[in-house]
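*Asks:* here are the coordinates; sequence isn't available:
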């Protein structure tokens, strides 16, 4: 998004050029806010696709809990967040139990995630859900948000070009 501002050396022309620069700066700032919002919205879309591809739909609670939230303006734009408020989302993202420890998240160090294998180990455990009993040794990591971040990095230039071309 290039802009050429031409002016002569009169006070009126310089004043007009300064006003054009200020308007251009405001336009860039506005479009940067739009870009942040678009990236957050795209993040929700990508995360939902990743959840489906990982086979982590279960009850639909996780996939429907994904949303965006405006965090406020910054000096040069805005902050938007793509998030889930599903209580068990971290267990899907990072995995758990012996199976999770054998198939860990690529970045468990991000939140110092620990795999509970000391009490249950390879024996696993039983749990009750909807009146039925199930046995588990855990679950592998299904890093739907991590993969969303990677995919967003690939798409950011194309989305920025689209936003700033308008």
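*Replies:* The structure has been received and is ready for your questions. What you see is a predicted model; the values in this text were computed from it and never measured. Numbers count the residues shown, from 1 in each chain.
*Asks:* For the helix or strand of the chain with the lowest mean pLDDT, which helices and strands make contact with it?
*Replies:* Every helix and strand of the chain was ranked by mean pLDDT, DSSP states H and E. The lowest is strand 125-129, at a mean of 82. If you count contacts as 3 or more CB pairs under 8 Å, 6 or more residues apart in numbering; DSSP states H and E, strand 125-129 packs onto strand 132-136. Heads up, the C-betas are built off the backbone N, CA and C, glycines and all.
*Asks:* got the domain boundaries for this protein?
*Replies:* Listed by automatic domain parsing, the domain ranges of the chain are 8-84+142-166, 96-141.
*Asks:* Give me the distance between the last one and the centre of its chain.
*Replies:* Mean-position distance between domain 96-141 and its chain equals 24 Å (CA atoms, centre = their mean, to the nearest Å).
*Asks:* So for that domain, first residue to last residue, what's the gap.
*Replies:* 7 Å (CA to CA, to the nearest Å).
*Asks:* okay, and for this protein, where does confidence drop off?
*Replies:* Within the chain, the ranges that satisfy pLDDT under 70 run 1, 117-122.
*Asks:* Try it again at 50.
*Replies:* In the predicted model, the chain carries no residue with pLDDT under 50.
*Asks:* got the buried residues for stretch 46-61?
*Replies:* Of the residues in stretch 46-61, 46, 47, 48, 50, 51, 54, 56 count as buried by neighbour count, 16 or more other CB atoms under 10 Å.
*Asks:* before we move on, back to that, with distance to residue 90 as extra columns, can I get the domains of the chain in JSON lines?
*Replies:* Listed next are the domains of the chain as JSON lines, based on distance: least, CB to CB, whole Å:
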{"stretch": "domain 8-84+142-166", "distance to residue 90": "9"}
{"stretch": "domain 96-141", "distance to residue 90": "8"}
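*Asks:* so which of these comes closest to residue 2?
*Replies:* domain 8-84+142-166 (10.3 Å; CB to CB).
*Asks:* Who are the packing partners of the strand or helix carrying residue 36?
*Replies:* Following DSSP states H and E, one finds residue 36 within helix 11-53. If you count contacts as 3+ CB pairs under 8 Å, 6+ apart, helix 11-53 packs onto helix 61-65, strand 66-74, strand 77-84, helix 144-165.
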